[in-house]
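> Dropping a prediction and its sequence here:
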Amino acid sequence: MNPAQSPSKVSGISGILITLAAAILLLAGIQAASSILGPLILSVYLTLIFGTLLHWFERKGLSTRSALILTLIAFFAIIAVFIGMIAGSFIQAMSDLPGYLEKLESDLELASPFLISIGIDPETLTLQNLIQIFSAEIRGLMNNLWDIASPLILVFLTTLFLLFEAKGFSQKLQIIIRELRPGDLNRFIDLAQKNIDYLVIRTEVNLATGIGTAIILSLLGVKYAIFWGFLAFLLGFIPNIGFWIAIVPPMLLAWFDLGPLQAFLVLIGSGLMDFLSEYILFPHFTARGLELSTAVVFISLFFWGWILGGIGVLLAVPLTLCVQMVCELSDETRWIGYLLGPPPEGNGEKK
């Protein structure tokens, strides 16, 4: 090793270690405050989506006040539909539950020889015991209702107040960045725009997926088709696996209600819908698709889920895009953004 080069090499290694140590401390702090930061981050992303709608109304010639009123109406309407669909599906499911339990008990009687062979006593799976089990689960859910509802209330209120401040807050950020890092203003604007574009396009594609899934399930006669389509829309924000998690319950319900053929048709129809959405619609709207490695996208689900819980899984891709773009703003961390990107094309040289 050349002694003249050793200080610079040591300095470079020290810089990398300091950057990694700072990142670990930052992530540890985020994880410790995930119960508060998770809903706040989700509120910011919802504000980005509805803020885009607000700016669209303004481009159509409406005043800022009128655009804000229409955006709030859309926001409240979506919340009302969300609550109505969940409540309606829950009430309908509760009314159908006794019939399902009776059918399940008759199926258990037919399967009793198999259950005995694997060491399960069929007498413990009577209708009365099943009702007691389900009742206990429902009571536990009701007791934990506030723990479930409180983050949602925080997201709702924070998003509402952020919408009122959306335009002024973005202007403040631009002024601050222009003063502190004037040369990077366009990069920050590009970062924000890419995340907004991803969220808007992802929402549009998921909406098409949810509607298509609901239509397919309705044609096949699966109960609660609208709710399952809504679930496919929500879980579509989790890349690669979210849609298939959403399809498992209606497929089992179709098997239980209609038979194995209908369950297989649900799988085939849903798979076709997912293929059209993920491999035709999404790449078409995004032109080049995500500027992230496929492996990074998959790993990010578990990483952000560990850091922020369920909200982290839902926002794994936007958060990873933010990390990638922030890393590309600095020469010291640009290599991290390059590692998070897709494989290089052609001869492997970085463009």
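It's in.
> for this protein, where's the lowest mean pLDDT among helices and strands?
Ranking every helix and strand in the chain by mean pLDDT, DSSP states H and E puts helix 127-143 at the bottom, with a mean of 57.
> so how far is the helix or strand following it off the chain centroid?
For helix 127-143, the following helix or strand on the C-terminal side (DSSP states H and E) is helix 145-164. When distances are taken as Cα atoms, centre = their mean, to the nearest Å, helix 145-164 is centred 17 Å away from the chain's centroid.
> Can you name every helix or strand that helix 145-164 contacts?
helix 34-59, helix 64-110 (3 or more Cβ pairs under 8 Å, 6 or more residues apart in numbering; DSSP states H and E). Yep, even glycine has a C-beta here, placed from its N, CA and C like the rest.
> Show residues contacting the helix or strand following it.
Using DSSP H and E, the next helix or strand after helix 145-164 towards the C-terminus is helix 166-180. Identification of contacts with helix 166-180 by Cβ atoms under 8 Å, 6 or more residues apart in numbering yields 47, 50-51, 54, 64, 162, 184-185, 188-189.
> Identify the residues contacting W304.
By Cβ under 8 Å, 6+ apart, the contact set of W304 is 312-313, 315-316, 319-320.
> Those in helices, which ones?
Residues of those located in helices (DSSP state H): 312-313, 316, 319-320.
> thinking again about what came up before, nearest to G221, of the contacts of helix 166-180?
Distances from G221 to those, taken as Cβ to Cβ, are shortest for F50 (36.1 Å).
> residues in contact with that closest one?
F50 makes contacts with 71, 74-75, 159, 163, 166, as judged by Cβ under 8 Å, 6+ apart.
> What mean pLDDT does the helix or strand in which A254 is found get?
Per DSSP H and E, A254 falls inside helix 242-257. Helix 242-257 carries an average pLDDT of 82.
> Can you name the element that comes right after that helix?
Proceeding C-terminally, helix 242-257 gives way to helix 260-276 as the next helix or strand, assigned by DSSP H and E.
> Report the angle between that next one and helix 242-257.
Relative orientation of helix 260-276 versus helix 242-257 (axes from the mean of the first three to the mean of the last three Cα atoms, to 10 degrees): 160 degrees.
> so where's the stretch 201-350 of the chain shaky on pLDDT?
For the stretch 201-350 of the chain, the stretches flagged by pLDDT under 70 are 240, 283-292, 343-350.
> one step back: closest one of the ones in helices among the contacts of W304 to A214?
Of the ones in helices among the contacts of W304, the one sitting nearest to A214 (Cβ to Cβ) turns out to be V313, at 23.1 Å.
> ok, now which ones touch that closest one?
Taking Cβ under 8 Å, 6+ apart as the contact definition, V313 lies against 238, 301, 304-305.
> For those, pick the one with the most neighbours.
W304 (25 neighbours; other Cβ atoms under 10 Å).
> Not counting sequence-adjacent ones, nearest residue to that residue?
G312 (3.5 Å; Cβ to Cβ, 6 or more residues apart in numbering).
> right, and that neighbour touches G38 too?
Yes. In this structure G312 lies within contact range of G38 using Cβ atoms under 8 Å: 6.7 Å.
> residue contacts, the spatially most central residue of the chain?
Centroid-nearest residue in the chain: L314, 2.4 Å away (criterion: Cα atoms, centre = their mean). By Cβ under 8 Å, 6+ apart, the residues touching L314 are 42, 237-238.
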